[in-house]
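Asks: sequence and predicted structure are below.
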Amino acid sequence: MTARTRLLDPAVGRAMSALSKVAKQGLGDPALAELVVLRASQLNHCAFCLDMHLAIAREYGVNERQLDLLAAWEEAEDVFDERERAALALTEAVTVLTAGFVPDEVYEQAAKHFDEVRLAHLIGLIVAINNWNRVMVSRRIPPGGYTP
């Protein structure tokens, strides 16, 4: 399998990077941002983004237990606090959209933990990583290409 490197125009990449940067900064919690992007990347099976964001998460001090149990966060109640759990639930709802929409209870739970501006940035971050995951998976970019 080879990388399909010509699927992303540089201008599109810059725009996607700008969205990611603004959303992460606006969320104001880099460790939580990395948990969110990692969970979406798990759901989207994006090995490149998982590899990259695991390294970044460690740089921001996300603990290994959270990284180890992220895929089962719903069952790991003592590992993730309520705010993290609300963000992860919203991440799954926006990423998967199995019901065709984000359930009200998931959105309302997130809104309890994030003010309107931070919630908008959280949703922007989820949208941004889903875009990146789809681009990287479409291009078949293998893990290992990220260097901090």
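Replies: Arrived safely. Numbers count the residues shown, from 1 in each chain.
Asks: need the nearest residue in space to the most centrally placed residue in the chain, chain neighbours excluded.
Replies: The centroid of the chain falls nearest to Val37 when counting by Cα atoms, centre = their mean (1.6 Å). Spatial nearest neighbour of Val37, chain neighbours left out: Ile129 (4.2 Å); criterion: Cβ to Cβ, 6 or more residues apart in numbering. Bear in mind the C-beta positions are built from the backbone N, C-alpha and C, glycine included.
Asks: could I get the contacting residues of that neighbour?
Replies: Counting by Cβ atoms under 8 Å, 6 or more residues apart in numbering, Ile129 makes contact with Ser20, Val36, Val37, Ala40, Ser41, Cys49.
Asks: element containing the residue nearest to the centre of the chain, please.
Replies: Per DSSP states H and E: Val37 is located in helix 30-43.
Asks: you'd agree Pro142 is up against Cys46?
Replies: No - with contact defined as Cβ atoms under 8 Å, Pro142 does not count as touching Cys46 (10.8 Å).
Asks: these two - which one has more neighbours?
Replies: Using other Cβ atoms under 10 Å as the criterion, Pro142 and Cys46 rank with Cys46 on top: 25 against 13.
Asks: the more buried one and Ala40, how far apart?
Replies: 8 Å (Cβ to Cβ, to the nearest Å).
Asks: between the two, what contacts are shared?
Replies: Contact criterion Cβ under 8 Å, 6+ apart; residues shared by Cys46 and Ala40: Asn133.
Asks: on that earlier part again, what's the helix holding Val37 packed up against?
Replies: Judged by 3 or more Cβ pairs under 8 Å, 6 or more residues apart in numbering; DSSP states H and E, helix 30-43 is in contact with helix 10-27, helix 47-59, helix 82-96, helix 116-139.
Asks: can you give me the angle the longest one makes with helix 47-59?
Replies: When axes from the mean of the first three to the mean of the last three Cα atoms, to 10 degrees is applied, the directions of helix 116-139 and helix 47-59 differ by 140 degrees.
Asks: got the angle for helix 116-139 vs helix 82-96?
Replies: Using the same axes, to 10 degrees: helix 116-139 against helix 82-96 is 40 degrees.
Asks: quick revisit: how about TSV for the contacts of Ile129, with pLDDT and distance to Val135 added?
Replies: TSV is the format used below for the contacts of Ile129 (pLDDT from 0 to 100; distance: Cβ to Cβ, whole Å):
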residue	pLDDT	distance to Val135
Ser20	97	12
Val36	98	18
Val37	98	14
Ala40	98	13
Ser41	98	12
Cys49	96	10
